[in-house]
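1. build the 3D model from these lines:
(chains A and B)
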Amino acid sequence: MIKLIVFLPLLAALVAGLGNRALGNATAKLVTTGALFVAAALSWVVFLDFMSGDARSYLEPVLTWIRSGDLQVDWALRVDALTAVMLVVITTVSALVHLYSWGYMAEDDSQPRFFAYLSLFTFAMLMLVTADNLIQMFFGWEGVGLASYLLIGFWYHKPSAKAAAIKAFVVNRVGDFGFSLGIFGTFLVFGTVSIPAILAAAPGMAGSTIGFLGGEVEVMTLLCLLLFVGAMGKSAQLGLHTWLPDAMEGPTPVSALIHAATMVTAGVFMVCRLSPMFEASGTALAVVTLVGAATALFAATVGTVQTDIKRVIAYSTCSQLGYMFFAAGVGAYGAAMFHLFTHAFFKALLFLGAGSVIHAMHHEQDMRFYGGLRRSIPVTFWAMLLGTLAITGVGVTGVFGFAGFYSKDAIIEAAYASGTTPGGLAFAVGVFAAFLTAFYSWRLIFLTFFGQPRWAGSDHIRHAVHHDYESAAAEGTTDSDEAHVDHGTVAATAGPGGAVEGTAGYHPHESPWTMLAPLALLSVGAVFAGVAFHGIFIEPEAGEAFWRGSLAWDAHFYEELHHVPLWVKLSPAVAMLLGLFFAYRAYLKNPGLPARFTASVDTLYQFLLHKWYFDELYHHLFTRPAFALGRLFWRAGDEKTIDRFGPNGAAAVVGVGNRLAGALQSGYLYTYALVMLLGLAAAATWAMTR
Amino acid sequence: MLRDLQLVAPELILCFGALGLLMVAAFVGDRSLRLVNWLSVALLGAAGLVLLGPAGNGGDAYLGLYRADLFASFAKVLIFGASAVAILAANDWFTRDGTHRPEYPILVLLAAAGSGIMVSASDLLTLYVGVELQSLAAYVLASFQRRDDRSVEAGLKYFVLGALASGILLYGISLLYGFTGTTLFDGISRALAGPEGISTGELFGLVFVFAGLAFKIAAVPFHMWTPDVYEGAPTPVTTLFATAQKVSAMALLVRVAIEAMGPAADGWRQIVIFSALASTILGGVAGVGQANIKRLLAYSSINNVGFALIGLVPGTREGVSSVLFYLAVYVAMTLGAFLCVMRMRDLDGRPVETIGSLSGLSRTQPGLALALLFFMLSLAGFPPFLGLWPKLLVFQAAVNEGYVALAAVGIVTSVIAAYYYLKIVKTMYFDEPAGAYEPGRRTATGVVIVAAALFVSPLGYLLIGPLQQASLNAASSLL
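-> Residues are numbered from 1 along each chain as shown, chains lettered A, B, ... in the order given. A predicted model of the protein is given here:
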């Protein structure tokens, strides 16, 4: 069964990818989406088996891969509770995103390629989470990186998409370099790459040291930090986060699947999978906690000033990943996985909702040109509202809460309960970030769905209106051309400017059912995932029975979560309500307030707007020196040295020699005879004097 | 006596055949052209066939003046074959110019007889007789189109410089005879191996003999005549020079170096090394700027001789065998290339010789262009064409005896020549068609082109085994 789950998407990707245009759009879509829905159904079966406590973890061998001395690597699929959680998340979101793309990508002219990439990504991600050894995990790791690159750059005719794809690839390379070093180091220390063997041996290695870069370092700290660098790259943690917002250049379904629900959580999954290793090094855990907390804070602050709807959600993702990491850092791996699980649903929901909005608004992504959309696209509005309630963590303890309420509060409580200094710091940051999360999430909702329409300012809308008006006038009908029916139509009789003020005469239309059905299903997840599954993820007894050692589990620690002081339990709720209040004040009651406020703290505003100047810093620190170095090698090294003395020089020498030989070849007999005799004399002389 | 006649049968057939055909030509006149042509080819075939008998590997004749061994037979097969092709190709060529005479095939027969004597010579005087018989025929052939200034100039230049080379060779022979007291190769070898070592006179004789023979194979610095003569001589004659005569002179040089002067290898090795490298370099560098394809092929032949000489340097059986292998493949490539050149005529039927006129040949005559592509890439030693293999063997022979630097330089210089081979390919395939060509005609040479192209194509790899075995057997009769 697990083989079917993993390899069905690969098969579908191959069929759709190799068949491509010959296959046709409909077949490619049916094959890939069908395969994914089957895989998703099977994944739920696996997951529910584990949930009911019937299933035991097992290993499904596939093939022998590498046999070279000590290095023994097999293709094998490991299935345990941790894998089962990831299987459900990946296949469910992927299947829904496949379906959603039917509508979203309907006008694209290379749909088979798109669906093939999506399925290929799904396969690679499944390979990653079922890995039994680090090499196979790395294979999946690189596979999802490749698919991410291909999908970010899917619209390769857009220069910005190409640049974003390359940026994602290069930044991930930094992380992967750390990851591969970590794998090498692990093999060096443990003599194996098999994950169970490493985890069994890890506690015994705590405290031993190894020579590294001329100094003695603790071996487990070193390995964990190297592996964590890989996780930072993939999960866009502070320092290696710069690619994630740019990755929004890809089609929105891609953002939902790869850059919200699945791939970016691979780092969290890896830390949880290797949690016994991390448990062996307190230093590494502290670093994980601090990096996670810093990311949560950083991304949340930047998210408050973004105007692009997708970028707001991207920074939100980045921030939520920070939560997951500091949860792992304080030892609450179950809480981290729980948040990963719930986050997948509500973040995919938010992204797909945003995609629906963008679809309705004719590819306008700037929230400043939205407003008042709740009446035009009510289903999308309700879906996004539920997503926002989930991410901000609305709920009442002991009664009912949306998904984020259970997972995020558990993380914040765990940070407090850990009692360590980094944990305390993470707690404070977590609460503050919860406030910011509420603020930017509600800001998104208010700017998009409430208030007056501000669509007239958008180039996209004006273009659409103009185009529709012209075509409608030309055809003499009230229908616009079919390509735009899905987006919205113009009251052709009224013409531009003739409708409600601010709409520019544009009428957004709700998306087709293929896009709305995934929204509805994900809404169910966003609402009920927390209440339904919090038991097995974070309750002391149920959790122990569920995880069964697939991650480091300290029942006592989870017990303590229930006994934190009341103010700790209430603080996220208060922060959330404050955020809602401020957003309401600033964007609904008093729309002039944000402008006045940002003007008064311009330095801070600019600091946030420029994303803490990370891109600028990297530009000066790495990109420019790299370019300078490249130019040095190119101009001075290649052109002036290698080319000059190599190819060009050799060619010049041949040219000169050719002219000399030509001059000697005079055509006169005496020259020829002279050369012969000189040659003879030289040979004789040489033979004599030798 | 009868035994001796059996051993020299190939040359006997050619000489008496040529004389008989001369009578036919003299009494019947130009009407006998067709007959003489085909009879000449038949005679060459017969001369080749008798090699299957005692003439192939029968040992010494005439008290050691003449030697019929496998080495000679290997060379003779190549010589007779190339000569036959030169006759066939000329038939079409001269007939169209209206300059064909029955003397042409007869002269080719005489040259072939001279070449046969050269490769079988085991005495300095036999050697000289062979060289002169071949050369005198060659001088006349070079100026065969006697109303064409270039042809006459080529013949005269070849004659004057050839006479000079003959003089040098003869002087060397006289020195060797004077200091060793014999003209037999075996005797010279014994004298050089004697306890008193090699005297100055012997060394001088050795250098002069090598210089004389280097002229015949057109190795640097005795190559100066080659481009002018190759360009000026009628193309079928050039073909003969570049193939049959090159093979005979090269084989003769190898035999002299190994059989007669083997003990003095240290004396000639450095000269051969210098000549080999100078030939590969000059053959590459000077060919780069050429616009005339015959001239270019002349430099190509100089370049190839340089590579073949590298195989001679180690003086081992492996080396000699690699030289023979090289010559066999070289003959196929060069014959093919020249035959292709001969098929190029403009719409008025005039021969076309400039490289520029090859432009777009791939579109006007795709078959011809493809064949020429095969020959050029093979000459350049591109994998997977057969031309790679002999180069590899030659370098391998040198490396096995420790001449690593020599092989390395040889490999580098082969890149230079690759430039002009590739330039021809580029002109044919990537340039706009220059002018219309006369459509291809069905001639006997077409079959030869196809056969040669198949031989140098990767299919030829099937023949590597037998050919290598044959060349090793031939080399064994020297060492």
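2. point out the residues in the stretch 51-200 of chain B that sit beside chain A.
-> Within the stretch 51-200 of chain B, the residues that sit near chain A (C-beta under 8 Å from any C-beta of the partner chain) are B:157, B:160-161, B:164-165, B:168, B:200. Backbone N, C-alpha and C define where each C-beta goes, glycine included.
3. how about the residues of chain A by chain B?
-> A:654-655, A:657-659, A:661-662, A:664-665, A:667, A:669, A:671-673, A:675-676, A:678-680, A:682-684, A:686-688, A:690.
4. for the buried ones among those, write the corresponding ChimeraX selection.
-> Buried residues within those, by 16 or more other C-beta atoms under 10 Å in any protein chain shown, are selected in ChimeraX with:
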select /A:654,657,658,661,665,669,672,673,675,676,679,680,683,684,687
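5. now go through the residues of chain A next to chain B and say which are in helices.
-> If you go by DSSP state H, the residues of chain A next to chain B have A:654-655, A:657-659, A:661-662, A:664, A:669, A:671-673, A:675-676, A:678-680, A:682-684, A:686-688 in helices.
6. just the buried ones among the residues of the stretch 51-200 of chain B next to chain A, please.
-> Buried among those by 16+ other C-beta under 10 Å: B:157, B:160-161, B:164-165, B:168.
7. just the ones of those in strands?
-> Per DSSP state E, strands hold no members of those.
8. any idea which of the residues you listed is closest to residue B:109?
-> Closest approach between these and residue B:109, by C-beta to C-beta: residue B:165, at 23.3 Å.
9. what sits against the closest one?
-> Residues near residue B:165 by C-beta atoms under 8 Å, 6 or more residues apart in numbering or on different chains: A:676, B:211-212, B:215-216, B:222.
10. are any of the residues you listed buried, and which?
-> Buried among those (16+ other C-beta under 10 Å): A:676, B:211-212, B:215-216, B:222.
11. tell me which two of the residues you listed sit farthest apart.
-> A:676 and B:216 (12.3 Å).
12. mind listing what's buried in the lengthiest helix in chain A?
-> When chain A is parsed with DSSP H, its longest helix is helix A:159-190. By 16+ other C-beta under 10 Å, the buried positions in helix A:159-190 come out as A:161, A:164-165, A:167-169, A:171-172, A:174-176, A:178-183, A:185-187, A:189-190.
13. next one: it to chain centre, how far?
-> 13 Å (C-alpha atoms, centre = their mean, to the nearest Å).
14. now do it, average pLDDT.
-> Averaging pLDDT along helix A:159-190 gives 91.
15. who are the packing partners of whatever helix or strand comes next after that helix?
-> Later in the chain than helix A:159-190, the nearest helix or strand by DSSP states H and E is helix A:195-205. Contact here means 3 or more C-beta pairs under 8 Å, 6 or more residues apart in numbering or on different chains; DSSP states H and E; on that basis helix A:195-205 packs against helix A:134-152, helix A:159-190, helix A:219-234, helix A:275-279.
16. mind listing what the residue in the stretch 101-250 of chain A that chain B sits nearest to touches?
-> At 29.7 Å from chain B, residue A:156 is the closest residue in the stretch 101-250 of chain A, using C-beta to the nearest C-beta. Contact analysis of residue A:156 by C-beta under 8 Å, 6+ apart lists A:162, A:165.
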